[in-house]
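K.L.:
For reference, the sequence and a predicted model appear below.
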Amino acid sequence: MIDEKRIKENLELVSFPRLSGTEGEKKAFNLIKNKIEELNFKPSVQNFSFTSFYPRVYQKLVLISGFWALFILYLNIEFYFTLLNIIIVSLIVLPLYLMTRKPEKIKIGKIKTSQNLYIRLPANSNPSKKHTKIEQLSNYDGNLLFMCHIDSKGQRFTIFFRIYFFKVWMITFGICMIIIFLKNFIFPQIYIILFILGVFPLTLNLGATIIICLNTTHNKSPGAIDNGSGIACVLELLNYYLDSNLRPRNFNLWFLFTGTEETGMMGIRHLYNKIDHLDRAKSYMVSFDCIATEIDVITGEKGAFFFKNTPDFTANLHMPKRIRFFRSDAYYLADKGFGGFGVLDIPSQKYAHNIHDTPEKVDCLLLKKLLEHIVLMLRFVDRSPP
């Protein structure tokens, strides 16, 4: 059975600062590994290296370069001066863009190490299959991936604050580009009026650029909501499915604990190489990330398979929704063709990435009810495999 007390114990066990690549993340990794080994499973470990250039430096360089290009185009001082600046900005941004197509391979900056932890349990209809390495999985069965991330991080500004100023930057950039086009090519006769009108969005764009660049990362967040709650959920499901008789007949079960999600999703980028061969038509994910007192369900058309085949699945959930994936491990796998859904609590993200992300803010009874729903859902879906 799903045990609320055990959920709370595991939540509190990993609720301490554990920034990517630090001793805190390694400590959390070892605690989770020990919990799995206590169940007489031997999890697989994937070590990898990374730098923080992609999530923490690249983004700021692009925003600064974008503002500078906007500023030069807006002033429109002299053709060759403008052209030279645009060329310089392009020589900065384009190589960075090409490098970040595979950010896990970037080695700019201090190189750190992290780890992924994962285990597979075979479908109950295939008792002869042993839990083993991902590479040895047959595509004969369906696959269900229970996912969470190990690391936490603290930042100067809250998630909502940063999202707001990213939106301001994008909107004002677009407005300024429209004004530049109008004053230079369509209505040159009112050039001065349009120039003056554009000062306001240009100033807002500069302000948003400065604020975003002032955001810093630190290792002060206990990370109970983000993502101790997810760790506790995946560990509890592993405990539940310890009994092979409770496992589905048509789905192999995966329990994935990724490192360095908060630093460019580096863990899932590396782990993806080991699950890329799975048949997308029969593989689904359930991602647990940032849950406190409410439930938001994030899914797409393919993930709706679970809801269509599960009577009253959302009946007792506090706040079910269908919205877009956030930038996360689930977002990454969804982009790679995996269906399924993510579970999170959007309002609770006001506590994420800061010192207020503490265990008492997580409703463990809600987590228990959520996991009971997921277990029930899987029973229904298992009767009608995709």
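P.N.:
Ah, there it is.

K.L.:
From now on I want contacts and neighbour counts done on CA atoms only, so please keep to that.
P.N.:
Noted.

K.L.:
Run a quick neighbour tally on Ala292.
P.N.:
28 (other Cα atoms under 10 Å).

K.L.:
ok, it - contacts?
P.N.:
Contacts of Ala292 were listed using Cα atoms under 8 Å, 6 or more residues apart in numbering, and they are 225, 229, 345, 348, 361-363.

K.L.:
Quick check on these: which are buried?
P.N.:
225, 229, 345, 348, 362-363 (16 or more other Cα atoms under 10 Å).

K.L.:
Identify those among those that sit within helices.
P.N.:
Ser229 (DSSP state H).

K.L.:
Closest to Gly259 out of the contacts of Ala292?
P.N.:
Within the contacts of Ala292, distances to Gly259 taken as Cα to Cα reach their minimum at Ser229, with 15.2 Å.

K.L.:
Might you report the residue contacts of the closest one?
P.N.:
With Cα under 8 Å, 6+ apart, Ser229 has these contacts: 11, 288-292, 362, 367.

K.L.:
Okay, it and Thr293: tell me how far apart.
P.N.:
11 Å (Cα to Cα, to the nearest Å).

K.L.:
got any residues that touch both of these two?
P.N.:
Common neighbours of Ser229 and Thr293 (criterion: Cα under 8 Å, 6+ apart): Val362.

K.L.:
Next, Gln155: phi, psi?
P.N.:
Main-chain dihedrals, Gln155, degrees, to the nearest 10: phi -140, psi 160.

K.L.:
next one: phi and psi at the residue lying closest to it once chain neighbours are set aside?
P.N.:
Closest residue to Gln155 apart from its sequence neighbours, by Cα to Cα, 6 or more residues apart in numbering: Thr217 at 4.4 Å. Note on Thr217: its backbone torsions stand at phi -110, psi 140 [degrees, to the nearest 10].

K.L.:
Over to Ser283?
P.N.:
Per degrees, to the nearest 10, the backbone of Ser283 is at phi -120, psi 130.

K.L.:
next one: Leu145
P.N.:
According to degrees, to the nearest 10, Leu145 has phi -110, psi 110.

K.L.:
In terms of pLDDT, where does it sit?
P.N.:
pLDDT recorded at Leu145 is 96.

K.L.:
That one is in contact with Tyr284, isn't it?
P.N.:
Yes: contact criterion Cα atoms under 8 Å: Leu145 and Tyr284 qualify, at 6.1 Å.

K.L.:
Ile108: how many residues sit nearby?
P.N.:
Neighbours of Ile108 under the rule other Cα under 10 Å: 12.

K.L.:
and it, what helix or strand is that in?
P.N.:
For Ile108, there is no helix or strand it lies in under DSSP states H and E.

K.L.:
Report the separation between it and Lys35.
P.N.:
Taking Cα to Cα, one finds Ile108 at 35 Å from Lys35.

K.L.:
re the thing from before, higher neighbour count, Leu145 and Tyr284?
P.N.:
Tyr284 (27 against 22).

K.L.:
Next up, the contacts around the more buried one.
P.N.:
143-145, 303, 338-341.

K.L.:
Helix or strand: which one has it?
P.N.:
strand 283-288.

K.L.:
tell me what the helix or strand just after that strand is packed against?
P.N.:
Next along the chain after strand 283-288, taking DSSP H and E as the criterion, comes strand 296-299. For strand 296-299, the packing partners by 3 or more Cα pairs under 8 Å, 6 or more residues apart in numbering; DSSP states H and E come out as strand 339-344.

K.L.:
can you give me how far the very next helix or strand once past the strand it packs on is from the chain middle?
P.N.:
The first helix or strand that comes after strand 339-344 along the chain, using DSSP H and E, is helix 364-383. In terms of Cα atoms, centre = their mean, to the nearest Å, the centre of helix 364-383 is set 22 Å apart from its chain centre.

K.L.:
now what about the one helix or strand Leu197 maps to, what contacts it?
P.N.:
Here Leu197, judged by DSSP H and E, is contained in helix 191-214. If you take Cα under 8 Å, 6+ apart as the criterion, helix 191-214 is touched by 60, 63-64, 67, 71, 74, 162, 165-166, 168-169, 172-173, 175-176, 179, 182-184.

K.L.:
can you rerun that using 7 Å?
P.N.:
For helix 191-214, the external contacting residues (Cα atoms under 7 Å, 6 or more residues apart in numbering) are 60, 63-64, 67, 162, 165, 168-169, 172-173, 175-176, 179, 183.

K.L.:
export the residues you listed to CSV and tack on secondary structure?
P.N.:
Below are those laid out as CSV (DSSP: H, G, I helix; E, B strand; the rest coil):
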residue, secondary structure
Lys60, helix
Leu63, helix
Ile64, helix
Phe67, helix
Arg162, helix
Phe165, helix
Val168, helix
Trp169, helix
Thr172, helix
Phe173, helix
Ile175, helix
Cys176, helix
Ile179, helix
Lys183, helix
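
K.L.:
Among these, name the least confidently predicted one.
P.N.:
pLDDT across the contacts of helix 191-214 is lowest for Arg162, at 91.

K.L.:
Neighbours of that one, how many?
P.N.:
Counted by other Cα under 10 Å, the residues lying close to Arg162 total 16.

K.L.:
if we take the contacts of Tyr284, which one ends up nearest to Ser90?
P.N.:
Nearest to Ser90 among these, with distances taken as Cα to Cα, is Phe338, at 34.3 Å.

K.L.:
Just want the angle from the strand holding Tyr284 to strand 339-344.
P.N.:
0 degrees (axes from the mean of the first three to the mean of the last three Cα atoms, to 10 degrees).

K.L.:
what about strand 283-288, distance to the chain center?
P.N.:
Worked out by Cα atoms, centre = their mean, strand 283-288 lies 12 Å from the chain centre.

K.L.:
what's the angle between it and helix 364-383?
P.N.:
Going by the same axes, to 10 degrees, strand 283-288 makes 170 degrees with helix 364-383.

K.L.:
for the stretch 101-250 of the chain, which spans come out with low pLDDT?
P.N.:
Applying pLDDT under 70 to the stretch 101-250 of the chain flags the ranges 125-140.
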